[in-house]
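# Just the structure for this:
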Amino acid sequence: MNYRHAFHAGNFADVIKHIVLARILTYLQDKPAAFRVIDTHAGAGLYDLDSDEARRSGEWLTGIARLMQARLSNETVALTKPYMDIVRAFNPKGELKAYPGSPLIARGLMRPQDRLVACELEPKARKALIGVLRRDEQARVVDLDGWMALPAFVPPKERRGLVLIDPPFETKDEFERLGEAFSTAYAKWPTGIYVIWYPAKSRRATDALAQLVARTAAAAKTPGKCLRLEFSAAPQMDGAPLTSAGLLIVNPPYTLQGELKTILPELEMPLGQGGAARFRLEVPKPYP
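Numbering: from 1, shown residues only. As a prediction, this is how the structure comes out:
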């Protein structure tokens, strides 16, 4: 899978991932203690929806553009407001021109005591990320491979926070590397919240990853909880663009599952491609 994010920024998978990210960070704000966000594969930070890549793919047109026009219940409007407010802040004239990536979604929900570590190895993306976070004393851009950074930066000194693991899936062994890296990091910081993104193209690979993550969390001295969310904008076809993606959330806030049960059904129509989208929300089993 060749995943240059400029082609995909603001698509259905970004919308789902960033709504979940915003709900978790909103929950962390409820206590005054500081938290830290660690983004292992941060990307460029801000994406131009008028760029050649965005124009060629048009994926944002069936993602964030649809959500901006959707008619949602008052409850879902309130739950998605932290995320939508950040998107609107980067589009002050009301016309979608830019889409904020995960580091800027996280930065928009940080308080003065909170911190962000954003890892990006690709030179152009890292330069762009440094540009959008320039002179930000609460955010640090690190020139380090995300797989090396993950065990190096946990546990954070705040002992509270979230790790976002969102690799580009450009190599065939990315699922295996993801599972190994999570297991190593979780052994060092079993009380952290982990959000793991993956493309749902192979049922065997995604099920194996979910079982490994659930098994790792369950085996901790204080067993961790795990939540699995998969969202399909359309049936995933071999060789076709990505239409199904998933998230594994380890140690989710106790409020998250109920919030997603409210939000996700209302996104099936606006984010569906050629018909209504479908989602599954479950607690993954450690074994088949």
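# so what's T243 closest to, chain neighbours aside?
Residue nearest to T243 in three dimensions, not counting chain neighbours: A234, with 4.3 Å by C-beta to C-beta, 6 or more residues apart in numbering. Every residue, glycine included, has its C-beta placed from N, CA and C.
# In contact with L248, which residues?
194-196, 198, 209-210, 213, 226-228, 284 (C-beta atoms under 8 Å, 6 or more residues apart in numbering).
# still on that earlier bit, please, which helix or strand holds the residue nearest to T243?
According to DSSP states H and E, A234 maps onto no helix or strand at all.
# That one: neighbouring residues, count only.
19 (other C-beta atoms under 10 Å).
# list the contacts for it?
Neighbours of A234 in contact, by C-beta under 8 Å, 6+ apart: 243-244, 272-275, 277.
# and what of T184?
150-151.
# likewise R140?
115-118.
# switch the cut-off to 7 Å
Listed by C-beta atoms under 7 Å, 6 or more residues apart in numbering, the contact partners of R140 are 116-117.
# Y47 against H8, yeah?
No - counting by C-beta atoms under 7 Å, Y47 does not reach H8; the two are 8.9 Å apart.
# tell me the pLDDT at the closest residue to G108 other than its chain neighbours?
Leaving aside its sequence neighbours, G108 sits nearest to I86 (C-beta to C-beta, 6+ apart; 4.0 Å). pLDDT, I86: 98.
# ok so I86 is a strand residue?
No - using DSSP: H, G, I helix; E, B strand; the rest coil, the assignment for I86 is helix, not a strand.
# Please report phi then psi for the most far-flung residue of the chain relative to its centre.
Within the chain, K221 marks the point farthest from the mean C-alpha position, 27.0 Å out by C-alpha atoms, centre = their mean. Backbone torsions for K221, taken as degrees, to the nearest 10, come to phi -50, psi -50.
# Please tell me the pLDDT value assigned to it.
90.
# And the closest residue to it other than its chain neighbours, how close does it get to P223?
Excluding the flanking residues, the one nearest K221 by C-beta to C-beta, 6+ apart is P190, at 7.2 Å. In this view, P190 and P223 are 9 Å apart by C-beta to C-beta, to the nearest Å.
# Between those two, point out the one with more neighbours.
When neighbours are counted by other C-beta under 10 Å, P190 and P223 differ, and P190 comes out ahead with 20 against 10.
# Now do the contacts for that one.
P190 touches 220, 222, 224, counting by C-beta under 7 Å, 6+ apart.
# got it, and M110?
116, 138.
# can you tell me which helix or strand it belongs to?
Using DSSP H and E, M110 sits in no helix or strand.
# what ranges do the strands span in this structure?
Using DSSP state E, the strands found in the chain span residues 36-39, 46-48, 98-100, 115-119, 139-142, 161-165, 193-199, 226-232, 244-250, 278-282.
# Which neighbouring elements make contact with the first one?
Counting contacts by 3 or more C-beta pairs under 7 Å, 6 or more residues apart in numbering; DSSP states H and E, strand 36-39 is packed against helix 102-108, strand 115-119, strand 161-165.
# now the contacts of L248 in JSON lines, with distance to Y186?
Output for these, formatted as JSON lines (distance: C-beta to C-beta, whole Å):
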{"residue": "Y194", "distance to Y186": "7"}
{"residue": "V195", "distance to Y186": "13"}
{"residue": "I196", "distance to Y186": "11"}
{"residue": "Y198", "distance to Y186": "16"}
{"residue": "L209", "distance to Y186": "13"}
{"residue": "A210", "distance to Y186": "14"}
{"residue": "V213", "distance to Y186": "8"}
{"residue": "C226", "distance to Y186": "11"}
{"residue": "L227", "distance to Y186": "15"}
{"residue": "R228", "distance to Y186": "16"}
{"residue": "P284", "distance to Y186": "15"}
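# Make TSV out of those residues and add pLDDT, neighbour count and distance to T62.
Output for the contacts of L248, formatted as TSV (pLDDT from 0 to 100; neighbours: other C-beta atoms under 10 Å; distance: C-beta to C-beta, whole Å):
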residue	pLDDT	neighbour count	distance to T62
Y194	98	26	28
V195	98	24	23
I196	97	24	24
Y198	96	24	20
L209	96	22	26
A210	96	23	26
V213	97	25	29
C226	97	24	29
L227	98	21	25
R228	98	21	24
P284	96	19	28
